[in-house]
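Novice: return a 3D structure for these sequence lines:
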Amino acid sequence: DFLDAETARIDSLVAEYERQVDLLEVDQSSTVDDSLADLRSASPMKRLKFLTDESEDRLAEGQDVPELLSVSIHHGVVSRSSLTDKVPRADSLVDYKLVEPDQLVLNRMRAFQGGVGVAVHVGIVSPDYTVLRLSDELLPEFLNAVARSDWFVGEMTKRLRGIGNPGQGNTRTPRVNYSDLREIKIPVPTIAQQRQFLKALDGTHDLLTSELRSQIDHLTEYRQALITKAVTEGIDACQVTA
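Specialist: Prediction:
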């Protein structure tokens with residue numbers, strides 16, 4: 001009875017935190033799209049092919065292997081080890097794409113779900129990812145914000161390639177190709193205006209979301225630890241509740 005009640009309490013807390021995360025993400029998305037709408041009407045619009053260049057630098061055989069990176073929907077470009085314990089063998093990493101700081105990295109299968117981020121240090125990513133060098137006209141974090149906006153996601157969704165019909169939302173194994181992305185026009189305000197745009201977004205949403213996700217992770221770990229302890233060692237419920 002104690003275990004049922006405690007896990008139910010934890011599940012309720014996790015559900016509430018997840019609801020708050022959803023609300024924060026909706027609010028953040030609305031803020032970004034409102035600001036972008038203003039920029040699209042007041043700034044020059046340019047195709048991405050004039051602002052970015054796809055990097056095809058690859059890890060060569062015998063070359064020192066940099067950190068293996070991945071793109072998280074919620075956290076952008078992060079160490080692969082922070083997401084999974086399953087790391088490919090070193091000899092299987094040949095031909096992985098090299099990434100430099102300030103390059104934009106897209107998970108082609110999940111970019112339209114937020115699988116986009118800016119690299120902060122040297123690393124390698126899956127050959128199926130797209131790595132972009134940016135022109136001096138764009139701040140990396142500005143393009144990252146644009147790429148994650150509902151408006152840009154809509155443009156990506158129109159260009160999904162896979163099995164099925166993107167318009168009906170039933171595409172299987174969907175991928176976004178750079179050859180299609182490069183034709184999308186985005187607003188290109190001055191660097192000063194881009195900095196102002198990013199400053200206006202503030203880091204409050206991201207900070208609160210990160211804190212909530214951390215709480216969710218801790219609660220999930222505690223729930224599992226509690227069940228494991230009850231099964232393997234037993235729990236003195238009176239002592240715990242006290």
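Novice: who does the longest strand seen in the chain pair with, and is each partner parallel or antiparallel?
Specialist: In the chain, with assignment by DSSP state E, the single longest strand is strand 129-134. Looking at strand 129-134 with DSSP bridges, its partner strands are strand 52-54 (antiparallel), strand 104-107 (antiparallel).
Novice: could you pull out the strands for this protein?
Specialist: Taking DSSP E to define them, one finds strands in the chain at 45-47, 52-54, 69-72, 76-79, 97-99, 104-107, 116-118, 123-125, 129-134, 161-163, 172-175, 185-187.
Novice: buried stuff in the fifth one?
Specialist: By 16 or more other Cβ atoms under 10 Å, the buried positions in strand 97-99 come out as K97, L98, V99. No exception for glycine: its C-beta is placed from N, CA and C like everyone else's.
Novice: any idea what the second one is bridged to?
Specialist: Pointing back at L98 there. Bridge pairing for L98 - DSSP bridges - gives I124.
Novice: any idea how far L132 is from it?
Specialist: 13 Å (Cβ to Cβ, to the nearest Å).
Novice: now for these two: what residues contact both?
Specialist: Listed contacts common to L98 and L132 are S55; contacts here mean Cβ atoms under 8 Å, 6 or more residues apart in numbering.
Novice: and V153, which of the strands of the chain is closest to it?
Specialist: strand 116-118 (9.5 Å; Cβ to Cβ).
Novice: from K229, how far out is S12?
Specialist: Using Cβ to Cβ, S12 is found at 21 Å from K229.
Novice: these two - which one has more neighbours?
Specialist: Shown here are S12 and K229; by other Cβ atoms under 10 Å, K229 has more neighbours (13 against 10).
Novice: in contact with the more buried one, which residues?
Specialist: Contacts of K229 by Cβ under 8 Å, 6+ apart are I235.
Novice: L98 too?
Specialist: Applying Cβ under 8 Å, 6+ apart, one finds that L98 lies in contact with S55, D57, R58, L59, P66, V122, G123, I124, V131.
Novice: can you flag the weakest of the strands of the chain by average pLDDT?
Specialist: The weakest mean pLDDT among the strands of the chain belongs to strand 161-163, with a mean of 68.
Novice: which intervals of the protein have sub-threshold pLDDT?
Specialist: Segments of the chain classed as low confidence (criterion: pLDDT under 70) are 22-31, 85-91, 163-172, 202-207, 209, 237-242.
Novice: max-length helix in the protein?
Specialist: Among the segments of the chain that qualify as a helix by DSSP state H, the longest is helix 2-42.
Novice: what sits against the residue nearest to the spatial centre of the chain?
Specialist: Centroid-nearest residue in the chain: I73, 2.7 Å away (criterion: Cα atoms, centre = their mean). I73 makes contacts with R110, Q113, G114, G115, as judged by Cβ under 8 Å, 6+ apart.
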